[in-house]
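K.L.:
Attaching a predicted model along with its sequence, questions to come.
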Amino acid sequence: MATSDAVTVPRGDIAAALRAVLPEDCLLSRPEERRPYECDALTAFRELPAVVALPRTEEEVLRILLTCNRLGVPLVARGSGTGLSGGATPHAGGVLLSCARMNRVLAIDPDNRIARLEPGVPNLRISELAAAHGLFYAPDPSSQVACSIGGNVAENSGGVHCLKYGLTVHNVLGVRGFTIQGERIELGALGGALDSPGSLDLLALVTGSEGLLMVVTEVAVKLMPRPPRAQLVVGCFASVHDAADAVAAIIAGGIIPAALEMMDRKATVAVEPFVHAGYDLEAEATLLVESDGTREEVDDQVREIEGVLRKCGASGIRIAGSDAERQRLWSGRKNAFPAAGRMAPDYYCMDGTIPRKHVGRVLDAIGGMEARYGLPCLNVFHAGDGNLHPVIMFDSNRAGDWEKADRFGAEILELCIEVGGTITGEHGVGLEKLGGMCVQFSPAERAAFAAVKETFDPDGLLNPGKLIPTLARCAEYGRMHVRGGALPHPELPRF
Amino acid sequence: MSGDDEAVLEEWRARIAAAGAARAPLRLRGSGTKDFYGEALAGEVLDLTAWSGIVDYEPSELVITARCGTRLSELEAALETRGQFLAFEPPGFDADPTIGGVIAAGLSGPRRPFAGAARDFVLGVRLLTGGGELLGFGGRVMKNVAGFDISRLLCGSLGILGVITEVSLKVVPRPREEQTVRLEMTAADAVAAFNRWSAKPLPLSAAAWSEGVALLRLSGAAPSVRAARESIGGERMDDDAASEWWQSLRHCRLPHFSAATLWRISLPPAAPPLALSATPLIDWGGALRWYADPDPGADVRKLALAAGGTALCWRGAALHGRFHPLTPAVARLHQRLKERFDPLGILNPGRLLAAL
C-alpha cells in the first residue's frame, strides 16, 4: 500500500542535486536499484524512494542532509532494514539514506570498556570483536546477525536479555551526528565518561526516536564482562496462568535471570518439527529461564530457579545437560517467527508490553480473538519483561485477511493499553502503530511529541509521517476502531 | 486519587498560571536538599511536598510509582520490606529528599557504573508543564518505546521543563550478600586495578579510592561474593563500618566533600590522573573524581575536557557557571525545548543553564 504523499520536488532534481555533491557510486536512481529499499521487515508497507543514497563518510552524510534541507526534500535513514514497524519505510518523494557502507568499527577500547562504531556496524559484530577482551555488547535483538547499531539506537532495540542487561538506551554512552539542518551535535560522551550533568538528557530523547530527530554517524556503546557460564532451565506448565505465576514468583523471589521467556503450546508445536529440541508438546506453556555469570552464581541461581518452578507446579523441569542442548532449546524460541512463516504465507508480529500480572488474562483474551477473527495466533515472548509478541498468521492473497490481521493486532494493543501497558516494547511505532498512539496518548501528549520533533527538525523533513499521528489520522482511527465514539475504558489511567 | 488530592495539582496549576500572567518565576522545591546544586536559585518557592505517597508498588512487577513529594526514606523503607531497593543509590546529602527532587536532579551514587544511573531506572513520569498541562509519558512497564522518551529527558532537567508530579521507577532485588574489601595502593594503581576488575565477571557494586586506600564492594549471591573476595584479596572490612562508609560516600558526607572548593569530574574510567597537585577522591571505578581545593589558577574544566570528560564546580567560585558549557548547537536545542515546555520561562529559570 502507498504510504506517503506524491513527489513534490521532481525526482530528477533531487538526483541531480545529490550527484553534484556526492561520488557517482553513492547514488541509486534506477527503479530496479531502488526496489530493494522499498520496505523494511514490515513488508506490508512499501514505497519506492525517489533516490537512494549510500554515503561512506560523515562528510557525505552532511552533504546529503544539507541538500535535502535546501530542497525541502524528506529524508529517511535506514540501517539494515530489519525493523518490524515500518520505521524505515521510504518516502515516495524523498531520499532514502542507507548507512550500510558506514560500517567501520572506529575503536574497541578494552580499558574503558567501550566500542565506538559507525551506524552501519551489525550488532553481533560488536560482541564478536569484544570477545578477544572477554567483553560483549549486551542488547541482542533476535535479528542481531543483520541489524545495525544505528538502527538499534533509532529503535531503542531490546532482545532476550533486557531484564538483566537493559535496552539499547541503557547501553549507549554517546552518539554524534547531524540535525537535518546540518548542525553537528554530540550527545552523551563518546569516550567512556558516564554522565554530563548540567544538560538535558538529549541522548535518551534521541535513543528510540525512530530517525525523526537526527542522523547518527557515530555511536559509543558500553561493553560488559562476558559471563563465563550460562545455564538454561526449562519449565513446563499445564496452563499459561501457572507459568505466568511462576514468572512472578521468580522475580518476587529476588532472582533476575539473564532471560525469562515463555512459549505457548501453539508455539512449541510449531517449532518442534524444525528444531527437534524435545519440547513437551503436551504442556500449555513452556518457560525458558537462563542464568548467566560465574560458576558460583549460576549454580546458586539454577538451584533457586528449579525450586521456584517446582513450587509453582511445573509438570516438568529440564536443565540443559550440555551447551549443545542449551543452544537447541534456545533455537526453538529464536526460530518461532520463521516457523510461523512456514505455517502460513504471512505473519504479523505484535509487540505490546503489559504488567506481568496480566499475562494470563491477556493471553486468554488473545485466544478469544483468534476464534473471532478466524486467524491463528501463537505466542512467544519476553515473559520477564511482560513484552508480548503475539504472531498472527494470515494469507495476504486471501481477500480481507490482512484487514482482519490488522484489526486483530489493533485489538491486542488496545487491550495492552487497557491493562496498563504499552503498544510497543521494543519494535517501535513506525507507520504500523500510529493508530495505537492515538489511544495511548492524549492530544496534548501527542502535541508534546510534535513539539520535540519541531525542536530538532522544524520543517519536518526527517522520517516524516512516522511515530507521531496527525490529528486527522487519530480522528480516522477513532471512526474505524473505537466503538460508540468514545475511547475504550475512559476511566482507566492511560499508563 | 481523592478529590482533595486532586486539589493540590489544581492549586499548582493555578500558581503556574498566575506566575505566567505576572511573568514571575517559580522556584520548584521538594525538601531543598539540592538547593546548593546547579546555577542560582530564583523566584518564589513552589513547595512540592504536599503531593506525596506511594501510588502503586508490586514487588513482582519490579516497579514502584510515587508522587513527587514522597520522601526518599519512605520509598526506601517500603522497598526494604520486600527485599528490594533503588539500585542507583541517589544521594540525599544531609537530609531526606523527595523522589521528585531525586529525579529532577538525576544524581546517582557509588553503584552507578555497575547498576545504572537514575535515568536508567525511570520508566514513566507525569508532568505539569509551564503551560499548565498535565501530561503522562512512559509507563509502569519494563519496556516501552511508544513516543519519544520524555520521561528520561526530565531526569536531570532540574525542573526547567515542568513539575514532575509522579514517577514510576524500576526497582531491583537487594543483593543477598554484601562485603567490602580494602587494599592499600596509589590513586594511579587504583584506577588501573578498578578497570582490570571491572572487565572481569566479578560481582562488583562499588569501587572507590580515598587517601591511599581502594575500597571494593561486592554484592550478590553468597558463593559468588566469597569467590570474588578470594580472587581480589585485600582486607575484609567489618560489614557495619563498610556500610557506613559507602553511605557517607553516597551522601557526600566524607571529610573530602567539605572543602571550600570542590570539583566533580566525570571521566572515561581509565583516564590517567589529571595534572593537578590536589589528591582526588575517586568513585565509580575511576569514572568520577572529586578534586578538593585544586591549585588556584588551574583550568580544571580544560583538563577534564582534554581527558574526555566534563567538570562540574560542586562548590566554590566558578567562572562561567557551575556546569560544563554546552556547544552552541546543543544549547540551541535546550533553548527550543524550554520554549516548548515552559513558553513563558517561569519554571526554575537559570537553574540548569543561566540563559534558560
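P.N.:
Alright, I've got the coordinates.

K.L.:
number of nearby residues for A:Pro345?
P.N.:
Under the neighbour criterion other CB atoms under 10 Å in any protein chain shown, A:Pro345 is assigned a count of 13. C-beta here means a position set from N, CA and C on the backbone, and glycine is covered the same way.

K.L.:
quick one, what contacts the residue lying closest to it once chain neighbours are set aside?
P.N.:
If the residues on either side of it in the chain are set aside, A:Pro345 comes closest to A:Asp395, at 4.6 Å by CB to CB, 6 or more residues apart in numbering or on different chains. Residues in contact with A:Asp395 (CB atoms under 8 Å, 6 or more residues apart in numbering or on different chains) are A:344-346, A:401.

K.L.:
tell me the contacts of the residue in the stretch 151-300 of chain A that chain B sits nearest to?
P.N.:
Taking CB to the nearest CB, chain B has its nearest neighbour within the stretch 151-300 of chain A at A:Gly198, 2.4 Å off. For A:Gly198, the contacting residues are B:38, B:310, B:312, B:321-324, B:326, B:352-353, by CB under 8 Å, 6+ apart.

K.L.:
Dead centre of the chain: give me the residue that sits there.
P.N.:
Let's take chain A. For chain A, the residue nearest the mean C-alpha position is A:His427 (2.7 Å; CA atoms, centre = their mean).

K.L.:
switch to chain B, that's the one I care about
P.N.:
Most central in chain B (CA atoms, centre = their mean) works out to B:Leu107, at 0.9 Å.

K.L.:
And the pLDDT at the closest residue in space to A:Arg184 that isn't next to it in sequence?
P.N.:
Take A:Arg184 and drop its neighbours on the chain: the residue closest to it by CB to CB, 6+ apart is A:Phe178, 5.7 Å away. The model reports A:Phe178 with a pLDDT of 98.

K.L.:
give me the number of residues near A:Phe178?
P.N.:
Burial of A:Phe178, expressed as a neighbour count using other CB under 10 Å, amounts to 21.

K.L.:
so it sits right up against A:Thr217, yeah?
P.N.:
Yes. A:Phe178 sits in contact with A:Thr217 when judged by CB atoms under 8 Å, with a separation of 7.0 Å.

K.L.:
list residues touching both of those two?
P.N.:
With contacts taken as CB under 8 Å, 6+ apart, A:Phe178 and A:Thr217 have A:Val61 as neighbours in common.

K.L.:
Looking at the contacts of A:Asp395, spot the one nearest B:Ala270.
P.N.:
Distances from B:Ala270 to these, taken as CB to CB, are shortest for A:Asp346 (50.2 Å).

K.L.:
For that closest one, list the residues it contacts.
P.N.:
In this structure, A:Asp346 makes contact with A:393-396, A:401-402, A:405, judged by CB under 8 Å, 6+ apart.

K.L.:
Look up phi and psi at it.
P.N.:
The phi and psi torsions at A:Asp346 (degrees, to the nearest 10) take the values phi -140, psi 150.

K.L.:
Quick check: bridge partners of it?
P.N.:
Residues found in beta-bridge contact with A:Asp346 (criterion: DSSP bridges) are A:Phe394.

K.L.:
separation between it and A:Pro141?
P.N.:
21 Å (CB to CB, to the nearest Å).

K.L.:
How many neighbouring residues does residue 165 have?
P.N.:
Because you didn't say which chain, this covers chain A. The number of residues packed around A:Tyr165, counting by other CB under 10 Å, is 23.

K.L.:
Sorry, I should have been clearer: chain B.
P.N.:
Burial measure for B:Thr165: 21 neighbouring residues, criterion other CB under 10 Å.

K.L.:
tell me the phi and psi of it?
P.N.:
Here B:Thr165 shows phi and psi, under degrees, to the nearest 10, equal to phi -90, psi -20.

K.L.:
give the contact list for the nearest residue in space to A:Tyr165 that is not next to it in sequence.
P.N.:
Leaving out its chain neighbours, the residue that sits closest to A:Tyr165 by CB to CB, 6+ apart is A:Ala138, at 3.6 Å. Under the criterion of CB under 8 Å, 6+ apart, the contact partners of A:Ala138 comprise A:161, A:165-166, A:171, A:222, A:224.

K.L.:
List only buried entries from those.
P.N.:
Buried positions within the contacts of A:Ala138, assessed by neighbour count (16 or more other CB atoms under 10 Å in any protein chain shown), are A:161, A:165-166, A:171, A:222, A:224.

K.L.:
From the residues you listed, which shows the smallest pLDDT?
P.N.:
Taken together, the buried ones among the contacts of A:Ala138 show their lowest pLDDT at A:His161, with 92.

K.L.:
Report the distance from stretch A:457-474 to the chain centre.
P.N.:
Taking CA atoms, centre = their mean, to the nearest Å, one finds stretch A:457-474 lying 20 Å from the centre of the chain it belongs to.

K.L.:
Go through it and flag the buried ones.
P.N.:
A:457, A:460-469, A:473-474.

K.L.:
I'd like the mean pLDDT over that stretch, please.
P.N.:
Regarding stretch A:457-474, the rounded mean pLDDT is 95.

K.L.:
quick revisit: in the sheet, who's paired with the residue nearest to A:Arg184?
P.N.:
The partner list for A:Phe178 in beta bridges (DSSP bridges) reads A:Arg184, A:Val215.

K.L.:
For it, list the residues it contacts.
P.N.:
Counting by CB under 8 Å, 6+ apart, A:Phe178 makes contact with A:61-62, A:65, A:184-185, A:214-215, A:217.

K.L.:
hang on, the earlier thing: now, the most widely separated pair of the buried ones among the contacts of A:Ala138?
P.N.:
Looking at the buried ones among the contacts of A:Ala138 by CB to CB, the two members farthest from one another are A:His161 and A:Lys222, with 13.7 Å of separation.

K.L.:
what packs against the helix or strand containing A:Ala243?
P.N.:
Element membership of A:Ala243 [criterion: DSSP states H and E] is helix A:240-252. The helices and strands touching helix A:240-252, judged by 3 or more CB pairs under 8 Å, 6 or more residues apart in numbering or on different chains; DSSP states H and E, are strand A:229-237, strand A:259-264, strand A:285-293, helix A:295-311, helix A:359-373.

K.L.:
For the helix or strand just after the longest one, buried residues please.
P.N.:
This means helix A:295-311. Scanning forward in sequence from helix A:295-311 by DSSP H and E, the next helix or strand is strand A:316-319. Judged by neighbour count using 16+ other CB under 10 Å, the buried positions of strand A:316-319 are A:317-318.
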